[in-house]
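Student: Let's see this in three dimensions:
(chains A, B and C, ligands or ions: 2)
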Amino acid sequence: ADYTLNVNTALTPEDPLFKGLEAFRDTVAARTDGKVEIRIFPSSQLGKDEDVLEQARAGAPVAVVVDGGRLAVFQKEFGALGAPFLASGYDGIRKVVTSDLFADWVKQLHDTAGLQVLSFNWWQGERHLLTKKPVASPADLAGVRMRTPGAPVWMETIRAMGATPTPMGWTEVYSALQQGVIDAAEAQHPATLGAKLDEVITHITKTGHINLITGLVAGAAWYDSLPEDLRQIVSEEALKAGDIASYGTQDALSSIEAKLTENGVTIAEIDTTVFREATAPVYDMLGYGDLRDTLRGIAAQ
Amino acid sequence: MTARLARLELCVAVALLAAIVVLVFAAALMRFFGRPLIWSVDLAQLLFIWLCFLGAARALRSRAHLGVDLIVRHLPARRRQALEFALAACCLAFLAVLFVEGIDLTLLNRQRLFGDSGLSYAYVTVAVPVGSLLLAASILANMVEAWCGRDKGLLVFTRTGNGQAGDGL
Amino acid sequence: MITISLVFLAFLLLGMPVAFAIGISGFLFFVLSDVMPTSIGVQKIASVSQSFPLLAVPFFVLAGHLMNESGITERLFRFSHVAVSWMAGGLAQVSIILSTLMGGVSGSAVADAAMEARVLGPTMIEKGYSRGYSAAVIALSSLITATIPPSLGLILYGYVGNVSIGRLFLAGIVPGLLMMVFLMVAAYVVARRRGYVDAAAKRPTARALFSATLDAKWAIAFPILLVVSIRGGVFTPSEVGAFAVVYAVLVGLFAHRALTPAKMLRAAGHAVEDIGMIMLIILMSGMIGFAIIFDQVPQAIAGTLLGGLSQPQMIVAAILAMLFVAGLFVESTVLVLLLTPIFVPIIQKIGFDPVHFGILMMTIVTLGSMTPPVGVAMYTVCSLIDCRVEDYIRESIPFLVAIVVLVALLLFVPQLSLFLPNLAF
Ligand code: NA
Ligand code: NA
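Tutor: Ligands and ions are numbered 1, 2, ... in the order given. Here you go, the predicted model:
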């Protein structure tokens, strides 16, 4: 191969999203006659997301599957993608990440941060509450230590929903829940099942408070080093692969949910209005007040 | 002068170690009582890399770093000194490169944040170039000592007289 | 990768400090690579320090030094003496029991061996034990500390191999106790034949044993508290080291009244140096670890290994044999850091429990530190006891046999390791 891209992801090969990465690898190899080789490194083998972004910026041929929060330090708007109740399901958020507005952000990220978004339509599912008791309103979460990633938008959202946000590495969550170091967590279904959290919680409340959309992000230097035609193939296939991954995830959700129920977890649908209202101030708090209506508008088109 | 610097280095390192213990212990206790501290573990992690390099520099000065003397202990004293000086030169060159590359990387990624603390991750990265300087200073000081004591068979990395390398792990 | 290995071995054998031999050869990967920027070598050094489980290293190193200063070690010694010194090879039995107890408060075999060589060695020689026998029993029994929790080796293994440290800790308890029994039997058999029996010694009275236990209660309670507090949800396995430090200080200050500010400072000073020494090796190994993953070395080795053998236990036995040979030459910390990322994916692929493998691996690689040609524990003990290495080797054979039999037993009876963790988690 003339060019190699090493894709790092925190996900394991069992995750439905992984199929999309494999499709990306295979179709890029086929369409470029093997000129571009994609290698996949699951379980964050090349480092934490931030480390791999740093490698990409330094010019290494690496890419990583990340959420908008990690890019917000370079281009603030990306952080809004993780804001609470922005859009629900894949189809709405897909419109946002394929919009012209989003294309502008991508260009700015390329120019100012040296990062190239290949595609940002890798949907991992909606995040729900994982608890050891039934939850219906923010009052039920008072004093509950809920694990969340350390990014400000997640922390503020969880706080606004009534729980005490407790940042902790994802790999520590299982034992922390089991031993009562924390009382709750929040995650999308595939991750919940992948980490076997169903063994250590009893209730999943389907709040869908965050619609987890992620992107495949490479270094601008690597991307620019490709000839024009290859660049186009890589971008096109990244978008197609994102669809494969996202629809695959969407299709897998019901069987994952069935498996979670089978393993003894009570899954509850609730009216999320109270949580929507409780988290409304988060946008303004983080400076995304103006963006909220624009993005919701695009998603609703 | 060097003695005073060494004392300062020790004080800073001990303070860092104590701070790390307190930060992590407090985080566990506060979480247990339902008031998790969000930044304390992050801060402990940040201090940790500085502790590592300060401690490593001290260990170099007291020639406590683990090495294999399986073959070289059979060499005549003069040869062995020459060999250790050559190795020290390699280490110094390596540390010099780490210093330059470390500064580069620190500058490249200043925006990167450190966990949820609002601090720049540069405070972590810059520990590598600064630590390289500290290690290089220790090696140079040892080289000077070894050169002055060359008739007594003093070495750069290895303790001579009674004993092997220090109590390692 | 071959260039990197050769450069590493060359520097190592020329006597360069291990940390620098690892650092320079690892950095070479970035220099030789057409695609990886060299500055990423710096990132890999820095990012190793940003792992929460590794904070256990400074904690347990500091706790170990504080235990010495706060009278915990001394009381454990007195307790062991009362309990078993009447047996054949009494002082050897004391050394074995003491290593087991010390294993529960500290995580380092070499530190334990060095301490016992100073405390116990001179008395053993004085009582007519041969130098070789004394050195061998002190050095080899320190192997027990490698599996009894807390164990620095298991923490590193868990961190590098992404294996639950809590499960590893629980898995080490039974193998550690079994090793104690096996070594005691070996020591007994040899001692009977040599006549290392103190005719005047009598079994302790229940009262004497009780008062010795009471005297050492804070020290004996520690490993129990450690496991209970992890299990009970107060601390994560990564945080429990900070608890160990606080515990050692509190016991030293208030229960034993042995700890003074000056002693605390001295312990911290020793700890800082030890932490720097071991952590520089660990930080520098971050670069080689990355090179191994990026060049997909595990996949290559797995291909060769799995091509030739099919039975899981045979594959693990082959890996353990390789680890044993590597352990003869390379220090155990280094082996854990460099080889765990290669072997854990392989053994997981063949369906072998990584917790079970961790116990076996730690035992084997730590054993390398008690054997020639490169063995830190062996050299430390031999130089402190003033024993010739040839005598050490000859006298260590019965103990080595006991250990090999135990490792085979642990390999083929997984429940010995996995019973406790499966019960708890
Ligand atoms: Na012992
Ligand atoms: Na131990």
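
Student: in chain C, what residue is nearest chain B?
Tutor: Nearest to chain B, among the residues of chain C, is residue C:276, at 2.4 Å (CB to the nearest CB). C-beta here means a position set from N, CA and C on the backbone, and glycine is covered the same way.

Student: burial of that residue, as a residue count?
Tutor: Residue C:276 sits with 30 neighbouring residues when counted by other CB atoms under 10 Å in any protein chain shown.

Student: Quick one: name the residues of chain B near chain A.
Tutor: Chain B comes close to chain A at residues B:31, B:34-36, B:38, B:42, B:105, B:108-109, B:111-113, B:115-116, B:121, as judged by CB under 8 Å from any CB of the partner chain.

Student: What is the least confident helix or strand in chain B?
Tutor: In chain B, no helix or strand scores lower on mean pLDDT, DSSP states H and E than helix B:2-32, which sits at a mean of 91.

Student: Can you list the helices and strands that it packs against?
Tutor: The contact analysis (3 or more CB pairs under 8 Å, 6 or more residues apart in numbering or on different chains; DSSP states H and E) places helix B:2-32 against helix B:40-61, helix C:56-69, helix C:240-250, helix C:261-294.

Student: which one of these is the most hemmed in?
Tutor: Among the helices and strands packed on helix B:2-32, ranked by average contacts under mean count of other CB atoms under 10 Å in any protein chain shown, first place goes to helix C:56-69 (a mean of 26).

Student: What pLDDT is listed against residue B:166?
Tutor: Residue B:166 is assigned 37 on the pLDDT scale.

Student: And the residue in the stretch 51-200 of chain A that ligand 1 sits nearest to, which helix or strand is it part of?
Tutor: As assessed by CB to the ion, ligand 1 sits closest to residue A:175 within the stretch 51-200 of chain A, at 32.1 Å. Secondary structure assignment for residue A:175, by DSSP states H and E: helix A:173-179.

Student: Look up phi and psi at residue B:153.
Tutor: When quoted as degrees, to the nearest 10, the phi and psi of residue B:153 stand at phi 80, psi 20.

Student: burial of the closest residue to it other than its chain neighbours, as a residue count?
Tutor: Excluding the flanking residues, the one nearest residue B:153 by CB to CB, 6 or more residues apart in numbering or on different chains is residue B:77, at 4.5 Å. Counted with other CB under 10 Å, residues neighbouring residue B:77 total 14.

Student: I figured residue B:77 hits residue B:152, correct?
Tutor: No - using CB atoms under 8 Å as the test, residue B:77 is too far from residue B:152 to be in contact (9.3 Å).

Student: The host helix or strand of residue C:137 vs ligand 2: in contact?
Tutor: Assessed by DSSP H and E, residue C:137 sits inside helix C:131-141. No - applying CB under 5 Å from the ion, one finds helix C:131-141 separated from ligand 2 by no less than 12.8 Å.

Student: Show me what whichever helix or strand comes after that helix packs onto, helices and strands only.
Tutor: Reading on from helix C:131-141 to the C-terminus, the next helix or strand found by DSSP H and E is helix C:152-161. Where contact means 3+ CB pairs under 8 Å, 6+ apart, helix C:152-161 is packed against helix C:56-69, helix C:165-194, helix C:261-294, helix C:332-349, helix C:354-367.

Student: Mean pLDDT lowest where, among those?
Tutor: Among the helices and strands packed on helix C:152-161, helix C:332-349 carries the lowest mean pLDDT, a mean of 83.

Student: For chain A, list the residues in contact with chain B, please.
Tutor: A:50, A:53-54, A:57-58, A:73-74, A:113, A:143, A:145, A:150-152, A:155, A:164-167, A:181-182.

Student: repeat that for 7 Å
Tutor: Within chain A, the positions lying close to chain B (CB under 7 Å from any CB of the partner chain) are A:50, A:54, A:57-58, A:73-74, A:143, A:145, A:150-152, A:155, A:164, A:166-167, A:181.
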